[in-house]
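J.: coordinates only, sequence not included:
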C-alpha cells in the first residue's frame with residue numbers, strides 16, 4: 001500500500017514538473033530555462049528533478065508527449081459534439097491560434113538543438129496522417145471539401161508548418177499566431193466547397209472580432 005502511494009506521489013510530481021516546464025519553455029524559450037529554475041519553482045531539489053528526468057531533453061520530450069495526450073482528448077471531445085469535420089478542424093485551429101498568441105518564438109527556434117524531440121515530432125506527424133486523411137475524406141462526403149483535391153499533399157503541406165516555425169527566420173518578422181493563421185486559412189479556403197468556404201470566412205471573422213488588432 002505504501003509502495004503504491006509512493007509511486008502515485010512520484011507520478012503526481014512528474015506531472016507537476018512537466019506542467020511547470022511546459023509553461024516556462026513556451027514563455028521564455030527552451031534555452032533560457034535551466035533545470036535549476038524548474039526545481040526551484042517547484043521547491044524540490046535538483047537531485048530529485050534529475051531522478052525524474054535524466055536531462056533537459058528528456059523533460060522536453062515528456063512535455064511534447066503530455067501535450068499530445070491532452071490534444072487527443074480535446075479532439076475526441078469536440079468531435080463527439082461537432083456537426084461536421086470542418087467544425088472540428090476550425091475549433092482545433094482556434095485553440096492552436098490562442099496558444100500561439102502566448103508562445104515565445106524562441107521556443108520553436110530552440111527546438112533545433114534537440115534531435116530526439118524533433119524525431120518525436122516527425123514520428124507523431126506520421127502517426128496522425130491516417131486520421132487527418134480520414135477527416136478530409138469525411139469532409140468530402142459531407143460536401144464541405146472539394147473532391148478533386150489530393151489530400152495527401154495538402155496534409156503534408158499543412159504539417160510542414162511546424163518545420164517553418166523551427167527552421168525559418170520568419171518568426172523574426174511576424175507573430176507566430178499570424179503565420180499559423182495565414183497558412184491555415186489559405187489551405188482551408190483552397191480545399192473547401194462554397195459551403196465550406198462560407199463556414200471558414202464566418203469563423204475567421206469571429207476570430208478577428210475576438211482578437212482586435214489581429
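T.: Great, that's in hand. These numbers come from a predicted model, not from an experiment.
J.: Every contact and neighbour count from this point should use C-alpha atoms.
T.: Fine.
J.: which one is residue 176 nearest to, not counting chain neighbours?
T.: residue 100 (5.8 Å; CA to CA, 6 or more residues apart in numbering).
J.: Just the local confidence number for the one you found, please.
T.: We have a pLDDT of 93 for residue 100.
J.: Quick check: the gap between it and residue 181.
T.: Separation of residue 100 from residue 181 (CA to CA, to the nearest Å): 10 Å.
J.: And residue 138, by the same measure?
T.: 23 Å.
J.: sorry, back to before: got phi/psi on the residue nearest to residue 176?
T.: Here is the backbone geometry of residue 100 (degrees, to the nearest 10): phi -70, psi -20.
J.: How many neighbouring residues does it have?
T.: Neighbour count of residue 100, defined by other CA atoms under 10 Å: 19.
J.: Also residue 77?
T.: Applying other CA under 10 Å, we find 12 other residues in the vicinity of residue 77.
J.: That one belongs to a helix?
T.: Yes - under DSSP: H, G, I helix; E, B strand; the rest coil, residue 77 falls within a helix.
J.: State whether residue 151 and residue 134 are indeed in contact, as I suppose.
T.: No - contact between residue 151 and residue 134 fails when scored by CA atoms under 8 Å: they sit 9.7 Å apart.
J.: These two: which has the busier surroundings?
T.: residue 151 (19 against 13).
J.: what separates the more buried one from residue 157, distance-wise?
T.: Using CA to CA, residue 151 is found at 10 Å from residue 157.
J.: And residue 142, by the same measure?
T.: Distance from residue 142 to residue 157, counting by CA to CA: 23 Å.
J.: which residues are contacting stretch 93-103?
T.: 26-27, 175-177, 180-181, 207 (CA atoms under 8 Å, 6 or more residues apart in numbering).
J.: Please parse this protein into its domains.
T.: 1-63, 82-214 (automatic domain parsing).
J.: Quick check: PyMOL command selecting the buried ones in the contacts of stretch 93-103.
T.: Of those, the buried ones go into a single PyMOL selection, burial set by 16 or more other CA atoms under 10 Å:
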select buried, resi 26+27+175+176+177+180+181
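J.: Look at residue 103 and tell me its secondary structure.
T.: coil.
J.: Need phi/psi at it.
T.: Taking degrees, to the nearest 10 as the convention, residue 103 sits at phi -90, psi 130.
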